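Q: pasting a predicted model and its sequence here:
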Amino acid sequence: MERVISIGERLQKLLEEAERESERKITEARRKADEMIARAKDEAENRRIMAQRGDGIEDLLKTEEYKAKQEADRILEKYRERAEAIKKVPREKIEEAISLVLREVLPK
Amino acid sequence: MSSPSIELEAQLIERTVAKRNETLLRAEESVKKILQAAERECERIKAESEKQILSMVSSELRAVRDRIIGKANLEGRKILMSAREEVLSALYNEVKHRLESIADGKDIGIRYEEVLKKLLFEAVSAIGGEEFIVSANKRDYIFFKKNLADIKKEMREYARDVIIRLDENIIDAIGGVIIRNPEDTKTYYNTLDARLLKARRKTESEVAKILGVI
């Protein structure tokens, strides 16, 4: 019976250690989480301050520039297509225009 | 030790170990949840900060975009204008070739001699006076020299009596005349070249409409 009690005590210790270990782990996790959040806040604040000074926004500017250049390429391509379409004038339209100019040039 | 006692001991150990494991597992899960929540919070802080920064630098970003898109639109309009100019120049060039054909008598629908006489009469009428010096290209000079008497006669019937002298200096033109008074105070350019230039200024917008290059 004594042996059972002794084992019971040891097992109780085991449980208490497990509880302490759990507490320790959770506390450590909370500490780590607080650190992560504090660091994220610091970084965010630093970035805001830098942005206010105009520093550290190179990436944003580069991204915007890249997007704008792609859009510019599409715009230019459309203009080129329109220019090519302009050059394809039907022959009858050319003749009509020539007649108009000749009427203006030649005396009546 | 009796067998029931060992069994009791074993059960106690088993239950305790299970409880210990459960406690540790719950702790692991809590740790995981805490860290996951922290990561989500960090992402939220970062996203919020990005949003604020974007709002702060939006004018700079817009300036970058406007500069690049503006330049593309300007370049695009230049491309369009260049295409338009190319089409119009080709057309007026073709008109010039037609005029050369007409002046060379290759256009059977138009008698160039009549055109030339009209150009002369028109110039004489515009400049006013009685005496004129007429300059022309070599072909037209030869025509005038050969037909001057008839032309004067025709002009007499058409308008009035005039004195016309031919300038020996040949001009470089598709056809037509340059007329001046003897005092050299009045000059009238009635060459086909000059008329084509004038016609271009006058007809360009209408021609552009016809060709669909506006």
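A: Structure's in. What do you need?
Q: going by C-alpha atoms from here, please, whenever you check contacts or count neighbours.
A: OK.
Q: can you find the helix or strand in chain B with the smallest mean pLDDT?
A: The helix or strand of chain B with the poorest confidence is helix B:138-158; it has a mean of 89 (mean pLDDT, DSSP states H and E).
Q: if you count neighbours, what's buried in the helix or strand following that one?
A: Using DSSP states H and E, the helix or strand that follows helix B:138-158 towards the C-terminus is strand B:163-166. Buried positions in strand B:163-166, judged by neighbour count with 16 or more other C-alpha atoms under 10 Å in any protein chain shown: B:Ile164, B:Arg165, B:Leu166.
Q: quick one: the least confident helix or strand of chain B near chain A?
A: No - against chain A, helix B:138-158 shows no contacts by C-alpha under 8 Å from any C-alpha of the partner chain, the least distance being 14.6 Å.
Q: distance between that helix and the chain's centre?
A: With C-alpha atoms, centre = their mean, to the nearest Å as the basis, helix B:138-158 stands 46 Å off its chain's centre.
Q: extract the CA atoms of it and return them as CSV.
A: Once non-C-alpha atoms are left out, helix B:138-158 reads as follows in CSV (Å, rounded to 0.1, in the frame of the first residue of the first chain):
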residue,chain,number,x,y,z
LYS,B,138,10.5,76.1,-121.1
ARG,B,139,7.5,74.2,-122.5
ASP,B,140,5.0,76.9,-121.7
TYR,B,141,7.4,79.6,-122.9
ILE,B,142,7.6,77.9,-126.3
PHE,B,143,3.8,77.7,-126.4
PHE,B,144,3.4,81.4,-125.5
LYS,B,145,6.1,82.4,-128.0
LYS,B,146,4.3,80.5,-130.8
ASN,B,147,0.8,81.6,-129.9
LEU,B,148,1.3,85.0,-128.4
ALA,B,149,-0.6,86.9,-131.2
ASP,B,150,-3.6,84.6,-130.9
ILE,B,151,-3.6,84.8,-127.1
LYS,B,152,-3.5,88.6,-127.2
LYS,B,153,-6.4,88.6,-129.7
GLU,B,154,-8.3,86.2,-127.5
MET,B,155,-7.6,88.4,-124.5
ARG,B,156,-8.8,91.5,-126.3
GLU,B,157,-12.1,89.7,-126.8
TYR,B,158,-12.1,88.4,-123.3
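Q: and for B:Glu105, the neighbour number?
A: One thing to correct before we go on: residue B:105 is Gly, not Glu. In terms of burial, B:Gly105 registers 14 neighbours under the definition other C-alpha atoms under 10 Å in any protein chain shown.
Q: and it, which of the three is it?
A: The local conformation at B:Gly105, judged by DSSP: H, G, I helix; E, B strand; the rest coil, is coil.
Q: look up how far A:Glu95 lies from the closest residue to it other than its chain neighbours.
A: Across the structure, with C-alpha to C-alpha, 6 or more residues apart in numbering or on different chains as the measure, the residue nearest B:Gly105 apart from its sequence neighbours is B:Tyr112 (6.1 Å). The span separating B:Tyr112 from A:Glu95 equals 20 Å under the rule C-alpha to C-alpha, to the nearest Å.
Q: then A:Gly54?
A: Using C-alpha to C-alpha, one obtains 61 Å as the distance from A:Gly54 to A:Glu95.
Q: what segments of chain A are helices?
A: Listed in chain order, the helices of chain A (DSSP state H) span residues A:2-53, A:58-87, A:91-105.
Q: now do chain B
A: Secondary structure of chain B (DSSP H): helices located at B:3-103, B:112-127, B:138-158, B:192-211.
Q: want to throw those helices into JSON lines with distance to A:Ala33 and mean neighbour count?
A: Compiled in JSON lines, the helices of chain B are given as follows (distance: least, C-alpha to C-alpha, whole Å; neighbours: other C-alpha atoms under 10 Å in any protein chain shown):
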{"stretch": "helix B:3-103", "distance to A:Ala33": "5", "mean neighbour count": "16"}
{"stretch": "helix B:112-127", "distance to A:Ala33": "97", "mean neighbour count": "18"}
{"stretch": "helix B:138-158", "distance to A:Ala33": "100", "mean neighbour count": "15"}
{"stretch": "helix B:192-211", "distance to A:Ala33": "71", "mean neighbour count": "17"}
